[in-house]
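Enquirer: Quick check, what structure comes out for this input:
(one chain, ligands or ions: 1)
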Amino acid sequence: MTTLRIATRKSPLALWQSEHVADALRAAHPGLAVELVPMSTRGDEVLDRSLAAIGGKGLFLKELELAMQRGEADCAVHSLKDVPMELEPGFALPAILQRADYADAFVSNRFDDIAALPPGAVVGTSSLRRQAQLRALRPDLQLRDLRGNVNTRLARLDAGDYDAIVLACAGLQRLGFDARIRSRLQAPDWLPAPAQGAIAIECRDDDAATIALCVALDHADTRRCVEAERAMNRALHGSCHVPVAGFATLAGGRLRLHGLVGSADDGRAVRAQGEGESADALGREVAGELLASGAAELLAL
Ligand SMILES: NCc1[nH]cc(CCC(=O)O)c1CC(=O)O
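Expert: Predicted coordinates:
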């Protein structure tokens, strides 16, 4: 292979993550040339309708997958939390990088944390998962939609459209906005999206040369944790249409997984947790427990 071409979305966060992967690949394989192929996706272009309405998170991947199929790129870099639970046939994730900060961030110019918000304060987030957890903690808050890339969301907060917003710490830190994090919303009280904070590389599953280069960046412990989170989400038919949160950690070789299914409408939420060795079995077990204790009703399954 002469040059490894990475397909990427054009948002500042996507470009940062793809540059980060390019640097790591160059470091792992001295002499390898790596270049970015920036592309626009439907998920980036259509900002006036909800993701659910235009077809879900897969829209962020589709154009990049087509570029790989056409031979215009060898791999693509994604935030793993935006990757659907079922990959398109013919594709694989040869590397999942070490997870950065998993937590959500409370961001505000006036208030330190959720508890400090005055009654009826306006909080911006389009994530059903974040809406559900906010509702469960503070039924009085007014939740308003907020889409767009990280920079756009911060600009709308600063314009005074919201009293506070919730974003991923990882995205803020990658873009140099650490100082905007007023508090970290931490597990197990507040749970992130499954696989939040983890970057994945996708390529064609028959592209042995690309797979061989990418596996050098795979982080086995992160892969185990996010597989448990994604197995739970898959068993709940999770997508961006439903408020599902999950976070797994490893201690002494054993996985511990916390899961939550909520309602973005009325603040009901169901929680479950478990421990185990197999990511897949644990994910399905915690999902089963959530469904048995009321999640089925919340998800209208
Ligand atoms: N939904 C967009 C998205 N996808 C990944 C991240 C953050 C980076 C990560 O989770 O690795 C973000 C921004 C956010 O949720 O604030």
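
Enquirer: Now do the strands in the stretch 201-301 of the chain.
Expert: For the stretch 201-301 of the chain, the strands defined by DSSP state E, counting those that start in this stretch cover 244-251, 254-262, 269-276.

Enquirer: Just checking: what are the partner strands of the longest one?
Expert: This means strand 254-262. Sheet pairing of strand 254-262 (DSSP bridges) gives strand 244-251 (antiparallel), strand 269-276 (antiparallel).

Enquirer: circling back to that earlier point, same list, the strands of the stretch 201-301 of the chain, but as JSON lines with mean neighbour count please.
Expert: Where you see a C-beta, it was placed from the backbone N, CA and C, and this is true even at glycine. Output for those, formatted as JSON lines (neighbours: other CB atoms under 10 Å):
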{"stretch": "strand 244-251", "mean neighbour count": "23"}
{"stretch": "strand 254-262", "mean neighbour count": "24"}
{"stretch": "strand 269-276", "mean neighbour count": "18"}
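
Enquirer: Who are the contact partners of the residue nearest to residue 3 when sequence neighbours are not counted?
Expert: Residue nearest to residue 3 in three dimensions, not counting chain neighbours: residue 33, with 4.3 Å by CB to CB, 6 or more residues apart in numbering. Residue 33 sits next to 2-4 when contact means CB atoms under 8 Å, 6 or more residues apart in numbering.

Enquirer: Just give me the closest of the residues you listed to the ligand.
Expert: Nearest to the ligand among the contacts of residue 33: residue 4, at 21.7 Å, using CB to the nearest ligand atom.

Enquirer: which SS class is the closest one?
Expert: For residue 4, the assignment made with DSSP: H, G, I helix; E, B strand; the rest coil gives strand.

Enquirer: The residue lying closest to it once chain neighbours are set aside is in what secondary structure piece?
Expert: Nearest residue to residue 4, sequence neighbours excluded (CB to CB, 6+ apart): residue 34, at 4.8 Å. Using DSSP states H and E, residue 34 falls within strand 33-39.

Enquirer: Then residue 23?
Expert: With DSSP H and E as the test, residue 23 turns up in helix 12-28.

Enquirer: quick one: low-confidence ranges for the stretch 1-150 of the chain?
Expert: Counting by pLDDT under 70, the stretch 1-150 of the chain shows low-confidence ranges at 42-57.

Enquirer: Could I get the contacting residues of whatever residue of it ends up closest to the ligand?
Expert: Taking CB to the nearest ligand atom, the ligand has its nearest neighbour within the stretch 1-150 of the chain at residue 79, 3.3 Å off. Counting by CB under 8 Å, 6+ apart, residue 79 makes contact with 13-14, 17, 171, 195-196, 198-200.

Enquirer: Run through the residues of this protein sitting next to the ligand.
Expert: Listed as neighbours of the ligand in the chain under the rule CB under 6 Å from any ligand atom: 79, 81-82, 150, 167-168, 170-171, 196-197.

Enquirer: Pick the one among the residues you listed closest to residue 271.
Expert: Using CB to CB, residue 196 comes nearest to residue 271 of the residues of the chain next to the ligand, at 17.2 Å.

Enquirer: between the strand holding residue 34 and helix 12-28, how big is the angle?
Expert: With axes from the mean of the first three to the mean of the last three CA atoms, to 10 degrees defining the directions, strand 33-39 sits at 160 degrees from helix 12-28.

Enquirer: send the alpha carbons of strand 33-39 over as PDB?
Expert: What follows is strand 33-39, C-alpha atoms only, in PDB (Å, rounded to 0.1, in the frame of the first residue of the first chain):
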ATOM      1  CA  ALA A  33       1.800   7.800   4.000                       C
ATOM      2  CA  VAL A  34      -1.700   8.600   5.400                       C
ATOM      3  CA  GLU A  35      -4.100  11.300   4.000                       C
ATOM      4  CA  LEU A  36      -7.600  12.500   4.700                       C
ATOM      5  CA  VAL A  37     -10.500  12.400   2.300                       C
ATOM      6  CA  PRO A  38     -13.000  14.900   3.800                       C
ATOM      7  CA  MET A  39     -16.600  14.300   2.700                       C
END
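
Enquirer: Pull the contacting residues for residue 107.
Expert: By CB under 8 Å, 6+ apart, the contact list for residue 107 reads 154, 157, 164-167, 172, 180-182.

Enquirer: Kindly report the same for residue 260.
Expert: Residues counted as contacts of residue 260 (CB under 8 Å, 6+ apart) are 132-133, 191, 244-246, 269-271, 290.

Enquirer: Show me which positions of stretch 195-205 end up buried.
Expert: Across stretch 195-205, burial judged by 16 or more other CB atoms under 10 Å covers 195-204.

Enquirer: whoops, I mixed them up, stretch 108-128
Expert: Buried residues in stretch 108-128, counted by 16+ other CB under 10 Å: 108, 111, 114, 117, 121, 123-128.
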